[in-house]
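Student: coordinates for the following, if possible.
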Amino acid sequence: MKLLILNGPNLNLLGIREPEIYGNQTYQDLCKLAEDHAQEIGVELEIRQSNHEGVLVDWIQEARGRFDGIVLNPAAYTHSSVALLDAVLAAGVPTVEVHITDPERREPFRRISYVRQACAAAIAGHGFSGYLEAMDYLKSLNGR
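Tutor: The predicted structure follows:
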C-alpha cells in the first residue's frame, strides 16, 4: 500500500509560524513522525508540501493509479479552493482531510471547507497525531 501526504501553504513554517496556535514542532518533525509511523504500519509513504495551489492540484491528479490514499492538509486552501475539491473528486483516490488545529474553534471563515465533501473522512484538532490517524484510516479502507 502506498500513501501520499500533501501539505498546503505555510506548513513548511511549522515551529516558526504562530507557535501559540500550531506548537513548536517543526515541519521536519512532522515528516519524521509520519515516516516512522508508515514503517510501523507497513505502508510506503511519500510526503510533499507546496505553497502553490496548482502544484497541489497536479499532485492530486498524478496520484490516480499511483497511490492508494491521500492525506491532505490543504491549509488555507481549505477555505477557498474549489480547484482542490475538483481534483480530489476527479482523482478518485480515497482522501482524508487533516488539520493540526480545529478550524471549528477558530475564525468563522475557517469553518468552511470546500474539499471536505470529496473526502472519505476529516480529522481536525489532533495535532500531528491527526496525520497518523488518517494513515491508519486509509490503511483500514484497503484491508491491508
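Student: residue ranges with poor pLDDT in this protein?
Tutor: Within the chain, the segments meeting pLDDT under 70 span 105, 107, 109-110, 143-144.
Student: repeat that for 80
Tutor: Within the chain, the stretches with pLDDT under 80 are 18-23, 103-111, 143-144.
Student: not counting sequence-adjacent ones, nearest residue to the most centrally placed residue in the chain?
Tutor: By C-alpha atoms, centre = their mean, the chain has its centre lying nearest to L72, at 2.2 Å. Spatial nearest neighbour of L72, excluding adjacent residues (C-beta to C-beta, 6 or more residues apart in numbering): L6 at 5.0 Å. Heads up, the C-betas are built off the backbone N, CA and C, glycines and all.
Student: give me the element the one you found is part of.
Tutor: strand 2-7 (DSSP states H and E).
Student: next structured bit after that strand?
Tutor: Remark: after strand 2-7, the chain's next helix or strand is helix 19-22, criterion DSSP H and E.
Student: with only the CA atoms kept, save that next one in PDB.
Tutor: Extracted in PDB, the C-alpha atoms of helix 19-22 (Å, rounded to 0.1, in the frame of the first residue of the first chain):
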ATOM      1  CA  PRO A  19       3.700  28.600  17.800                       C
ATOM      2  CA  GLU A  20       0.900  29.600  20.200                       C
ATOM      3  CA  ILE A  21      -1.500  28.000  17.700                       C
ATOM      4  CA  TYR A  22       0.500  25.400  15.900                       C
END
